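> here is the input, now give the coordinates:
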Amino acid sequence: MAWQETCPVLERYSFIEEMLEGDESMAELCRRYGVSRKTGYKWRQRHELGGVAGLVNLPRVAKSLPHKTDVELERLIVKAKNARPTWGPKKLIKILQREHPHLVLPAPSTAGEILKRHGLVEARPRRRLSRIWRSPPLRKVMAPNDTWTIDFKGQFRLKRGPYCYPLTLQDNFSRYLIRCDALAGTHTAPAKTTLEAAFREFGLPFAMRSDNGSPFAANRGSLGLSELSLWWLKLGIRPERIDRGCPQQNGRHERMHRTLKAETTPQASLGGQQMSFDRFRCEFNEERPHEALHQEPPASIYVPSPRAMPYRLPAFEYDSAYEVRRVARNGFVSYSGERYFLSEVLSTENVGLLPLDDHSRELWIGVLPVGYLDLETKRFNPYEGRARRLEEALDIP
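Okay, here's the model as predicted:
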């Protein structure tokens, strides 16, 4: 019979007892227990050296570790982590490959284990999903400048008292951080100044994605248009807004904000804070590898847009298929003897009305359809943020 798996130590002890009695030869005893003579002699030797304790299985420990990371390499990895505490093992190995091309570096998983041994990695708490959500079909990003994302990172107090409101602007495809400006508030004018400088330097994107906060959107009226988003439309940039309470729909931008918070600290003044942001932006774009970019930095992917910023703001233009109407100063537009409220932001602007059928006209603001006039009920019905007509206009599959 072979060793019983339920209690192998007792079986081995029984084997040793019978062997010590000497009634059977080693060959006969091993044959009856179903083990080889080599195994029988092994357990006899272990019993002689350690008694019953010697019959317990020993852990399998290699006598040598040929693949163990060299001590100097381990020190190099630890040093790189201390210099860049927010970087993970994949990014650290990538940057060490650039700095030390002659070295054979371990895999990122091995580097991660080294960092754990040195207490340089904090275990992330497991997130419990309380509900399942579906991301709405935002514009599909296929190349640089298809969509830029914009947001104000949460304000924080500087060392000398006033608050700083970081405004960040990022290319959604390449993760290139276009702007990171330390502003004194969330007002339209300074945000517009930041955007205008970015448009002059990098050209115009096709879409701009934001949340529903000021100054990107407005709570007045049914369209949610703000002065800033109307300016984007005049430049041929389609505004996109994520759903309320769903920052995960702009996850790439939120992830960048987490890194920004970890690697920059409050300074004494807005000027000092801007210098800190500039250093971060340079490292983020030029040095920091990104897993989604095959561990390359964003600057290796991003190229400026060929759509140049115009020096004069163009007016909304529509072709002959549209009926053009001017919005009154109070935000109403007149059509067929009826008045429809749109938004005060559209005051004195031209809108286009595209016939859908005998009883409805689709309302366009520049390149964007926003709803339709129902001539029977005499109401303006705005499209929901992700309505089918809007999806078609934004080329969303």
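> just give the nearest non-adjacent residue to Phe284, would you?
Excluding the flanking residues, the one nearest Phe284 by C-beta to C-beta, 6 or more residues apart in numbering is Leu177, at 5.1 Å. C-beta here means a position set from N, CA and C on the backbone, and glycine is covered the same way.
> in space, what's closest to Gly224 - neighbours in sequence excluded?
Spatial nearest neighbour of Gly224, excluding adjacent residues (C-beta to C-beta, 6+ apart): Ala217 at 4.6 Å.
> secondary structure class for Gly371?
What DSSP: H, G, I helix; E, B strand; the rest coil gives for Gly371 is strand.
> helices of this protein, start to end?
Taking DSSP state H as the criterion, the chain contains helices spanning 8-21, 26-33, 37-50, 71-83, 89-99, 108-117, 188-202, 227-234, 251-263, 270-286, 388-393.
> mind listing what's buried along the fourth one?
To tie it back to what came earlier, the one meant is helix 71-83. Applying a neighbour-count criterion of 16 or more other C-beta atoms under 10 Å, one finds Leu73, Glu74, Leu76, Ile77, Val78, Ala80, Lys81 buried in helix 71-83.
> next one: the second one
The neighbour-count check on helix 26-33 (16+ other C-beta under 10 Å) flags Leu29, Cys30, Tyr33 as buried.
> next one: Ser269 from Cys282, what distance?
Distance, Ser269 to Cys282, by C-beta to C-beta, to the nearest Å: 20 Å.
> still on that earlier bit, dump the buried residues of helix 71-83 to JSON lines, plus distance to Ser347 and pLDDT.
As requested, these are exported to JSON lines (distance: C-beta to C-beta, whole Å; pLDDT from 0 to 100):
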{"residue": "Leu73", "distance to Ser347": "66", "pLDDT": "83"}
{"residue": "Glu74", "distance to Ser347": "66", "pLDDT": "85"}
{"residue": "Leu76", "distance to Ser347": "63", "pLDDT": "88"}
{"residue": "Ile77", "distance to Ser347": "61", "pLDDT": "87"}
{"residue": "Val78", "distance to Ser347": "62", "pLDDT": "86"}
{"residue": "Ala80", "distance to Ser347": "57", "pLDDT": "87"}
{"residue": "Lys81", "distance to Ser347": "56", "pLDDT": "87"}
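> nearest to Gly161, of these?
Lys81 (34.6 Å; C-beta to C-beta).
> in the stretch 1-150 of the chain, what spans have low per-residue confidence?
Under the criterion pLDDT under 70, the flagged ranges of the stretch 1-150 of the chain are 1-6, 60-69, 124-137.
> go on, the stretch 151-300 of the chain?
Confidence mapping of the stretch 151-300 of the chain against pLDDT under 70 gives the ranges 220-222.
> Leu223 is in contact with the residue nearest to Gly224, correct?
No: because the distance of 9.3 Å does not satisfy C-beta atoms under 8 Å, Ala217 is recorded as not touching Leu223.
> got a list of what the residue nearest to Arg175 when sequence neighbours are not counted touches?
Using C-beta to C-beta, 6+ apart and skipping residues adjacent in sequence, the residue nearest Arg175 is Pro298, 4.6 Å away. Applying C-beta atoms under 8 Å, 6 or more residues apart in numbering, we find Pro298 in contact with Asp171, Ser174, Arg175, Tyr176, Leu177, Phe284, Asn285, Arg288, His290.
> so who does the residue nearest to Ala111 when sequence neighbours are not counted touch?
The shortest distance from Ala111 to any non-neighbouring residue, by C-beta to C-beta, 6+ apart, is to Pro89 (3.9 Å). By C-beta under 8 Å, 6+ apart, the contact list for Pro89 reads Ile77, Pro108, Ser109, Ala111, Gly112, Leu115.
> for the residue nearest to Arg175, give its distance to Pro85.
21 Å.
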